[in-house]
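Undergrad: pasting the sequence and the predicted coordinates here, then a few questions.
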Amino acid sequence: VQLVESGGGLVQAGGSLNLSCAVSGLTFGNYAMGWFRQAPGKEQSFVAGISWSGRSTHVAGSGQGRFTISRDNAKNEVYLQMNGLKPEDTADYYCALGGAIATAPEEYDYWGQGTQVTVSS
């Protein structure tokens, strides 16, 4: 099983980024997906999750109104659209695959290598 994130980069505050995560090695449509982030010196935190069908989503409070998670089961990809980015959003962002939407990282079975997001003020 392989998860590969892309789309990170450097953006000014107020800007947008769309992260992607391509999944291979299993039946993608059977699994929930999540996005987590980890800033330097901080613990990993839940950003957003989406059910296997895409009908249910959950965005953590810090991203509500700014972040949107979506998926395309035909392409085996999950996305995180981030708008109105703030310097405090600076972190490494990771996608993860699991059985259901969960905020705890230990509920996910497979992880990508991460993509870096840097938001300048």
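TA: Now that the structure is in, tell me what you want to look at. Numbering: from 1, shown residues only.
Undergrad: tally of neighbours for Asn30?
TA: Each residue near Asn30 was counted by other C-beta atoms under 10 Å, and the total is 10. C-betas here are computed from N, CA, C, even on glycine.
Undergrad: could you look up the SS state of the closest residue to it other than its chain neighbours?
TA: Closest residue to Asn30 in three dimensions, ignoring its sequence neighbours and counting by C-beta to C-beta, 6 or more residues apart in numbering: Trp52, at 5.8 Å. For Trp52, the secondary-structure state derived from DSSP: H, G, I helix; E, B strand; the rest coil is coil.
Undergrad: could you check how far Trp52 is from Val23?
TA: 12 Å (C-beta to C-beta, to the nearest Å).
Undergrad: tell me the contacts of the residue nearest to Asn30?
TA: Under the criterion of C-beta atoms under 8 Å, 6 or more residues apart in numbering, the contact partners of Trp52 comprise Gly29, Asn30, Tyr31, Ala32, Asn73.
Undergrad: rerun that using 10 Å as the cut-off
TA: Under the criterion of C-beta atoms under 10 Å, 6 or more residues apart in numbering, the contact list for Trp52 reads 27-33, 71, 73, 98-101.
Undergrad: highest neighbour count among those?
TA: Highest count within those by other C-beta under 10 Å belongs to Met33, 28 neighbours.
Undergrad: where exactly do the strands run in this protein?
TA: Counting by DSSP state E, the chain has strands at residues 2-6, 9-12, 17-24, 32-38, 45-50, 57-59, 67-72, 77-82, 91-98, 108-111, 115-120.
Undergrad: alright, that wraps it up for me.
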